[in-house]
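*Asks:* Let's see this in three dimensions:
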Amino acid sequence: MEFSNPVLLWAGLGLVLMLAEVVVPGGIVVLLGAACLLVAGALAMGFVSTLPQALTLWFISSMALLLGFRQLTQRLVGGDAHVDNTDEELDLFNQTALVKADIGPGQQRGRVEFQGSEWPALGDGSLITKGTTVRIICRENIALVVEPLPSDV
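*Replies:* From the prediction side, this is the model:
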């Protein structure tokens, strides 16, 4: 077997890339391997004869296959597509926290414990004493804006 035959090299590279799809799923590597097989076919038929022509054909065919068949391979191969809520304000709204240092009166900051961490907190202007359970309304910079729960008023 001669390893300097460009048809065999391109075909071998194409098969290796297509088999690599088992290890690197996502539907991209198999299309790059298919482009290698197209180059091997073009070399075998004499349409392409030099390395720059082969690389150009591989690049163009790779782009065409990726743009044309990416959606199809995504459906067949699948993948992990999970979208979480990216609005942190919605995650905070209506959660409860425990006051660790008095909040207020007025704009005086206090501290609350929320999700295992202490946060600076602002209240509604009235005094909210230590030990009170509060509801988070929103966040202002790094301070949580809170109000006492109706049961603790």
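
*Asks:* Any figure for the gap between Phe114 and Arg135?
*Replies:* 11 Å (CB to CB, to the nearest Å). Where you see a C-beta, it was placed from the backbone N, CA and C, and this is true even at glycine.

*Asks:* for the chain, what spans make up the helices?
*Replies:* Taking DSSP state H as the test, the helices found in the chain are 6-20, 29-45, 51-77, 88-92.

*Asks:* what distance separates the third one from the centre of its chain?
*Replies:* Which is helix 51-77. The chain centroid and the centroid of helix 51-77 are separated by 23 Å, computed with CA atoms, centre = their mean, to the nearest Å.

*Asks:* what's the average pLDDT for it?
*Replies:* If you average the pLDDT over helix 51-77, you get 85.

*Asks:* and what of the first one?
*Replies:* This predicted structure assigns helix 6-20 an average pLDDT of 90.

*Asks:* hmm, back to that, Throw the helices of the chain into CSV and include mean neighbour count and distance to Ile142, thanks.
*Replies:* Below are the helices of the chain laid out as CSV (neighbours: other CB atoms under 10 Å; distance: least, CB to CB, whole Å):
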stretch, mean neighbour count, distance to Ile142
helix 6-20, 17, 46
helix 29-45, 20, 44
helix 51-77, 14, 40
helix 88-92, 12, 12
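
*Asks:* Redo those helices as CSV? Include distance to Gln108.
*Replies:* Listed next are those as CSV, based on distance: least, CB to CB, whole Å:
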stretch, distance to Gln108
helix 6-20, 62
helix 29-45, 60
helix 51-77, 55
helix 88-92, 21
